[in-house]
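> Return a 3D structure for these sequence lines:
(2 chains)
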Amino acid sequence: MLLIKGGRIIDPASGRDELGHLVLKEGKVDGILPGDAPEEFAGKVIDASGMWVVPGLIDMHVHLREPGFEWKEDIRTGTKAAAVGGFTSVACMANTEPVNDTPEITRFIIDKANREGSANVLPVAAISRGLAGKEMTDFTELSEAGAAAFSDDGKYVANSLLMRRVMEYARPFGFPVLVHAEDPDLAAGGYANEGWNAIRLGIAGAPAVAEEVAIARDILIARQTGGRLHIQHISTRMGVEMLRMAKRAGLNVTGETAPHYFTLTDAALEGYDTNAKVNPPLRSEEDRMAVLEGLRDGTIDAIASDHAPHDDSLKECEFSSAACGIIGLQTTLSLALALMKEGTISPVRVVELLSASPARILSLRGKGTLAPGADADVTVIDPETEWEFRREAIMSKSKNSPFIGWKLRGRAVATICRGIIRHEAARGEESF
Amino acid sequence: MDWKRKHILGLSDFLPDEIEFVMDTSRSMEEVLSRDIKKVPTLRGKMVVNLFFEPSTRTRTSFEIAGKRLSADVVNFSSSGSSQSKGETLLDTARNIEAMKPCILVMRHNASGAARFLSRHLSCSIINAGDGLNEHPSQALLDLYTILKVKGKVAGLKVAIIGDILHSRVARSNIHCLGKMGANLWLCGPATLLPREMARTGATLTNDIREAVKNADVVMTLRVQSERQKATFFPSIREYFRMYGLSNNIFSLAKDDAILMHPGPINRGVEVTNDLADCGRSVILNQVESGVAVRMALLYLMAGGAHVAD
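Got it, this is the predicted structure:
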C-alpha cells in the first residue's frame, strides 16, 4: 500500500489534470482520493505537494547492451538509470550479441530484468534474422515470448520487398514495426549532418535526404499494406512533414524523436566532440525547429531517449572512429520539461509524449495511465528544481553524453514500478 | 610579435599577423638555406617525430629535411594504419611516442580533427601535417609563401582553386590562409565536389573553369583521386579532364603573368596537361622548395627556438 498525497495528478489517458491523492495497492492503481488527504494510512506515504504525479514514464527506445556488450551497459545498470530518470518501462532494441532474433534471447532479457531490473523491460525483437535485412524473424513466436515490437534499429531494412512483406505479414497481428529510417546509399558512410558544419570541419556528411527518402518509402509501404508503422528518431524537417501528411491521410503511422534532436544542432560538433556523434546525426537549426513544431502540434507522438551507451574507448578517440550514440535515460525528462519553459508544450503534452503515447504505440495494457486497475507504475516529478547533470551521478556504465555539465530543470523525485519504489530523491537534494 | 601557440592544428583561427610572422620567419630560414652550409644548431638536442598514419612522400620528407637543417633529431614513424590494424588506438600509439620525449610531433592522419584530438591528450607540441579532409596548414603557408615570392603580395589577387574542393584539406587551409590575407578567392569544380555551402567562406563558386581562370593571377589545381570517380562524383577521368582539366587553352584566359600551382602529386593529363605542368609559369617545384623554409619556420617557432643566426 502506497499513498502519494497532494500532487498534481496528470493522466492524459483519463483526461485528468487535478490535485489529488493516489493510492496504490497490490501492484495496481487503487484509486484517486479528492479533497483532504486521509489522516491515517496503513502504508508508506509519499508527500507530493508541489509535484506532478504521472503514469510511469515509458522510454520506447533504449539500448541495454545485454547480452553481449555488458561492459557498456547491462540490464541492471540500464534499468537503474531508467528509474533515476523517471522511467518505469523501457523498450530495448535488438542489436545485442547475439541479436534478439530468437525467443530464447527475448526470454533471457525478460528473466534477467525480472531478477535484477529496476524497471519493466520490453524487449524489441529484430525484424530480420541477425539484423541482416534478408529473412524475417519468427514474429508470432517472438511475440509469445514477450517481444513488444519489432525493429532492426541501427539498420534500415534496405530491401523494399522485405519491408513490404514484413508490414503485410505483421498487419493482422497488430505488431508495431519500428523503423530506423536511413537510406544507406545516400548516407554514404557519412557521420555528421551534411551541411556547413560538416564541410567546415571536414567531416563526411550524411544528408537529411537519406532519412527523408527512407521515411517516404516506409510510409508508402504502410499505405500499401495497411501495416502499423512507427518511425524512430525523426531528425529532419521533411521527415516531420511526411509524418504529418501520413497522419492527415489517416495512415497507421506514428513517430518519435529524441531530446538531442530538439535540443542540439550540428553546431555541437565544434571541436570534434565525439559525444555529439550520433545516428541520425544532429541536424540544422531549421530541422530542430521543425521537430519542435512536430512535438507541439502532435505530429510527433513520443519522445524516446535512444539511450546508446558506449564506453570511453569508443568516444575518447578521433571523430571518425568514434561510435555513434548518446546516453539519455537520466536527461530525457528534464530536456522534455525544458520545452514547457519555452512554451512549446504543456505539462499534459509532456506526459503524453513520455508515457501515454508510448503505451498506446506499443499497445501496453495497464500502462501509460493512472486509471484504477492500471499497473502501479508512477513517476513523481518535481518540475522546478534546478540541478546539474554530473558525470559522477550517471548510473549507466557508460558516460557518453553531450549534456554533462548542463544545468537542467525538473526531475523525477520518485519512481514507482509495479508498486515498488525504485528511486526516491530527498526533497531539495542536489546530488542526483 | 611573440609566438604564443603551442600547436599548429589549422589556420581557421590564425590571425593575419601570425601568418605574416610565419612568412617573415620563413624568409630568415630561406636565407639559411642559401648559405654554403645549410644547417644551423637551433634545435640541437630536440627531437621531432614525424608520425604519419597516411602515406606521404613530400610532406614527410620536407619536414624531415627542415628538422635536420635545424639540427633536430628527426625520427620518422610511419604507420599506414598498421598499428591500428593490430588493435592499438591512435591515442595509445601517440602516448607511446610521447613517452620517448619528443619536443614536437608532426602528424598526419586520415581522420579530420585527429591532431586536435591528440593535442588535448599529449603535452608535446603538435604540428598538423594533414588531418582527413580538414586542414593541411603547412601546405597553405608554403603556397602563400610561394605566391608572395613571385607576386610580392596576395591581397587583391584573383586566386582560382580548381578541383575536388569537398575532399581537399589543402583547399580548406588555403581558403582560410589566402582569404585572411585578402585574396579574391574563386573555387571551381564539378557540382558534386563543390558544395554550395562553401560560399559561406566568402569565396566565389563556379562550375565553369573558364570563369574561374579568366584574369586570374594564381591558378591552383588540386589532385583528383581516381576513387572519387568510382564513388560516382563524376562520370570518368576523361570527362573530368575535359571539363576541369587545365589545358593551355584554358590557362591562356588567365593574366599573362599568372602562375600555376599544384600541391602534388600531379596526375598529368587529369588535372593539368603535361606541358603546362612543366611550363615557365608553373611554380610547382618552387612550392616544394618553399616548403622546407616554411616548415623550418614552423618547427623553429614551435620549439621556442633561439636565434637563427647562431
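> And the strands in the stretch 201-310 of chain B?
If DSSP state E, counting those that start in this stretch is used as the criterion, the strands of the stretch 201-310 of chain B fall at B:204-206, B:218-221, B:259-261.
> out of those, deepest packed?
Using mean count of other C-beta atoms under 10 Å in any protein chain shown, the stretch among the strands of the stretch 201-310 of chain B with the largest mean neighbour count is strand B:218-221, at a mean of 28. C-beta coordinates here come from the backbone N, C-alpha and C atoms, glycine included.
> average pLDDT across that one?
The pLDDT scores in strand B:218-221 average 98.
> before we move on, what about stretch B:17-25?
Averaged across stretch B:17-25, the pLDDT comes to 97.
> now that stretch, how far from the chain's geometric center?
16 Å (C-alpha atoms, centre = their mean, to the nearest Å).
> Pull out the buried residues from it.
Buried positions in stretch B:17-25, judged by neighbour count with 16 or more other C-beta atoms under 10 Å in any protein chain shown: B:18-19, B:21-23, B:25.
> Tell me which of the strands of the stretch 201-310 of chain B sits nearest to chain A.
Between chain A and those, the tightest spacing by C-beta to the nearest C-beta is seen for strand B:204-206, at 12.2 Å.
> Without its sequence neighbours, what residue ends up closest to A:Arg296?
Counting by C-beta to C-beta, 6 or more residues apart in numbering or on different chains, the nearest residue to A:Arg296 once its immediate chain neighbours are dropped is A:Thr344, at 5.1 Å.
> okay, the strands of the stretch 201-310 of chain B in JSON lines with distance to chain A next?
As requested, these are arranged in JSON lines below (distance: least, C-beta to the nearest C-beta, whole Å):
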{"stretch": "strand B:204-206", "distance to chain A": "12"}
{"stretch": "strand B:218-221", "distance to chain A": "18"}
{"stretch": "strand B:259-261", "distance to chain A": "21"}
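> check whether stretch B:91-108 contacts chain A.
Yes - using C-beta under 8 Å from any C-beta of the partner chain, we find that stretch B:91-108 touches chain A at B:Leu91.
> What's the end-to-end length of that stretch?
Distance between the two ends of stretch B:91-108: 13 Å, counting by C-alpha to C-alpha, to the nearest Å.
> again with stretch A:169-189
Across its full length, stretch A:169-189 reaches 31 Å between end residues, using C-alpha to C-alpha.
> Quick check: buried residues in stretch A:228-237?
When neighbours are counted by 16+ other C-beta under 10 Å, the buried residues of stretch A:228-237 are found to be A:228-237.
> same question, stretch A:217-229
Under 16+ other C-beta under 10 Å, the buried positions of stretch A:217-229 are A:217-219, A:221-223, A:225, A:227-229.
> residues in chain A within reach of chain B, list them.
On the criterion C-beta under 8 Å from any C-beta, chain B has as its neighbours in chain A the residues A:188, A:195-196, A:199-204, A:271-272, A:313, A:316-321.
> show me where the chain has helices.
All of this is about chain A. In chain A, helices defined by DSSP state H lie at A:75-84, A:103-116, A:139-145, A:160-170, A:184-187, A:196-201, A:208-225, A:237-248, A:259-263, A:285-297, A:332-341, A:347-351, A:357-361, listed in chain order.
> please go with chain B instead
Using DSSP H, helices in chain B cover B:16-33, B:58-69, B:82-85, B:90-98, B:114-119, B:137-151, B:169-180, B:209-213, B:226-230, B:237-244, B:248-251, B:274-277, B:284-302.
> And the contacts of the fourth one?
This means helix B:90-98. For helix B:90-98, the surrounding residues in contact (C-beta atoms under 8 Å, 6 or more residues apart in numbering or on different chains) are A:316-318, A:321, B:49, B:51, B:53, B:77, B:79, B:83-84, B:105, B:107, B:109, B:111, B:114, B:117-118, B:121-124.
> Please apply the same query to the first one.
The contact list for helix B:16-33, computed with C-beta under 8 Å, 6+ apart, reads B:1, B:3, B:5, B:11, B:38-40, B:69, B:141, B:144-145, B:148, B:177, B:180-181, B:290, B:292-294, B:296-298, B:300-301, B:308.
> ok and it relative to helix B:58-69, angle-wise?
Orientation of helix B:16-33 against helix B:58-69 (axes from the mean of the first three to the mean of the last three C-alpha atoms, to 10 degrees) gives an angle of 70 degrees.
> I'd like to know how many residues surround the residue of the stretch 301-432 of chain A found nearest chain B.
Going by C-beta to the nearest C-beta, chain B is nearest to A:Glu318 of the stretch 301-432 of chain A, at 3.7 Å. Using other C-beta atoms under 10 Å in any protein chain shown, A:Glu318 is surrounded by 24 other residues.
> Indicate the residue of the stretch 201-310 of chain B located nearest to chain A.
With C-beta to the nearest C-beta, the shortest gap between the stretch 201-310 of chain B and chain A falls at B:Ala231, namely 7.8 Å.
> low-confidence ranges in the chain?
All of this is about chain A. Screening chain A residue by residue with the criterion pLDDT under 70, one finds the ranges A:427-432.
> other chain: chain B
For chain B, the stretches with pLDDT under 70 are B:80-86, B:305-310.
> Can you tell me which residue is spatially central in it?
By C-alpha atoms, centre = their mean, the mean C-alpha position of chain B lies nearest to B:Gln139, the distance being 1.6 Å.
> ok, that residue - contacts?
For B:Gln139, the residues meeting the contact criterion (C-beta under 8 Å, 6+ apart) are B:59, B:130, B:169-170, B:173-174, B:263, B:291.
> Can you tell me which of those has the most neighbours?
Per-residue neighbour counts (other C-beta under 10 Å) across the contacts of B:Gln139 peak at B:Asn174, which has 30 neighbours.
> Excluding residues flanking it in the chain, which one is nearest that one?
Nearest-residue entry for B:Asn174: B:Ala140, 4.5 Å, with adjacent residues in sequence omitted and distances by C-beta to C-beta, 6+ apart.
> count of neighbours near the closest residue to chain B within the stretch 101-250 of chain A?
Scanning the stretch 101-250 of chain A for proximity to chain B using C-beta to the nearest C-beta identifies A:Gly202 as nearest, at 3.3 Å. A total of 24 residues lie near A:Gly202 under the criterion other C-beta under 10 Å.
> repeat for A:Leu251
The number of residues near A:Leu251, taken as other C-beta under 10 Å, comes to 18.
> Pretty sure it sits against A:Leu220.
No - with the criterion set as C-beta atoms under 8 Å, A:Leu251 and A:Leu220 do not qualify as a contacting pair; they are 9.4 Å apart.
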